[in-house]
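1. Next comes the sequence, and after it the predicted model I'd like to discuss.
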Amino acid sequence: MFWKDKYRLGVEVIDQEHMELFQRVEAFMNVLRSSQSWEEKVGQVNETLEFMKNYVVEHFSHEEAYQKKIQYPGYEAHKKKHDEMVQYVAEVSEQYEKSGFNEQLMQQFGGRLLAWLVNHVAAEDQRIAAYAIEQGVTGNEN
């Protein structure tokens with residue numbers, strides 16, 4: 001499994017959403033790597049892409065709200081990274097539909113999505129956690 005406990009931020013809702021993202025991306029990668037024909041995979045691929053288009057926006061909004069709540073000084077730069085990923089997912093989705101559901105495009109997307117998720121959660125999001133600890137806030141309190 002791609003998820004590691006060291007990715008936890010200590011904010012329950014964000015950690016749960018991260019785990020869900022990792023599970024979905026892992027399942028997506030498993031489908032892409034399976035020996036099934038593309039015709040057999042395309043339904044699952046399409047379903048995952050739709051999920052990602054919606055879920056990343058929802059998750060990013062929760063994470064950004066948390067950053068505002070704890071007055072995280074890196075908020076603007078972090079939000080920019082989120083916005084760029086949302087734009088990328090939307091652009092790939094549009095290209096994918098226009099291309100007639102091109103397998104190669106999804107293979108590239110899967111690799112980039114996994115790399116981005118691991119790097120973002122392991123590095124960028126950990127800075128938020130470090131700041132929260134330093135400030136003595138967790139965000140779990142109301």
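-> Nice, I can see it.

2. could I get stretch 3-17 in CSV with only the CA atoms?
-> The C-alpha coordinates for stretch 3-17 follow below in CSV (Å, rounded to 0.1, in the frame of the first residue of the first chain):
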residue,chain,number,x,y,z
TRP,A,3,-0.1,5.0,2.4
LYS,A,4,2.4,5.2,5.3
ASP,A,5,1.6,6.3,8.8
LYS,A,6,4.4,8.9,8.6
TYR,A,7,2.1,10.8,6.3
ARG,A,8,-0.4,11.6,9.1
LEU,A,9,-0.8,15.2,9.9
GLY,A,10,-2.7,14.6,13.2
VAL,A,11,-5.8,16.2,11.9
GLU,A,12,-8.4,13.5,11.7
VAL,A,13,-10.5,14.7,8.8
ILE,A,14,-7.5,15.5,6.6
ASP,A,15,-5.7,12.2,7.5
GLN,A,16,-8.9,10.3,6.6
GLU,A,17,-9.2,12.1,3.3
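
3. Which strands or helices does the helix or strand containing residue 66 pack on?
-> In this structure, residue 66 sits in helix 38-69 according to DSSP states H and E. When contacts are defined as 3 or more C-beta pairs under 8 Å, 6 or more residues apart in numbering; DSSP states H and E, helix 38-69 packs onto helix 12-33, helix 75-98, helix 103-119, helix 125-135. Any C-beta I mention is one placed from the backbone N, CA and C, and that applies to glycine too.

4. Looking at it now, give me its mean pLDDT.
-> Taken as a whole, helix 38-69 has a mean pLDDT of 93.
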